[in-house]
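Q: sequence unavailable; structure follows:
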């Protein structure tokens with residue numbers, strides 16, 4: 001389906017349903033903050049707590065990585081949706097008007113296209 005000049009573009013919430021959600025950046029920032037706290041105190045952690053502390057750091061890294069991967073996946077889905085939308089748009093009238101404007105500008109002819 002191609003859009004023509006004069007066709008109304010209407011937002012449909014139904015088109016957005018079922019999409020993957022972007023990762024919660026606030027949650028990712030909290031995890032990064034916690035990881036930074038762990039690295040800051042790593043040198044002072046008693047030996048008996050070292051394995052537990054490193055396990056928590058690894059778990060945080062996994063969560064951060066999962067959030068980043070979710071963000072990449074979400075961005076890819078959005079890109080695909082935009083590509084699909086753009087494939088259905090007919091830019092012919094705009095291209096024609098632009099060509100006419102460029103031709104008039106190079107000829108030195110004043111005025112707007114179609115006038």
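A: Cool, got the structure. Computed from a predicted structure; not experimentally measured. Numbers count the residues shown, from 1 in each chain.

Q: the residue nearest in space to the middle of the chain in helix, strand or coil?
A: Taking C-alpha atoms, centre = their mean, the centroid of the chain lies closest to residue 75, which sits 4.2 Å from it. When classified by DSSP: H, G, I helix; E, B strand; the rest coil, residue 75 comes out as helix.

Q: ok, it - contacts?
A: If you count contacts by C-beta atoms under 8 Å, 6 or more residues apart in numbering, residue 75 has none. Where C-beta positions appear, they are placed from N, C-alpha and C, glycine not excepted.

Q: quick check, pLDDT for it.
A: Note on residue 75: pLDDT of 92.

Q: distance of it from residue 86?
A: 16 Å (C-beta to C-beta, to the nearest Å).

Q: can you check residue 77 too?
A: Taking C-beta to C-beta, one finds residue 77 at 15 Å from residue 86.

Q: these two: who's more crowded?
A: Using other C-beta atoms under 10 Å, the more surrounded residue of residue 77 and residue 86 is residue 77, with 13 against 9.

Q: from residue 66, how far off is the more buried one?
A: Taken as C-beta to C-beta, the span from residue 77 to residue 66 is 16 Å.

Q: ok, now residue 80?
A: In terms of C-beta to C-beta, residue 80 sits 21 Å off from residue 66.

Q: the two: which has the busier surroundings?
A: residue 66 (13 against 10).

Q: now the one helix or strand residue 70 maps to: how far from the chain's centre is it?
A: Residue 70 is part of helix 47-87, with elements assigned from DSSP states H and E. Distance of helix 47-87 from its chain centroid, counting by C-alpha atoms, centre = their mean, to the nearest Å, is 14 Å.

Q: just stretch 73-91 next, same as before
A: 11 Å.

Q: got the buried residues for that stretch?
A: For stretch 73-91, burial by neighbour count (16 or more other C-beta atoms under 10 Å) applies to no residue.
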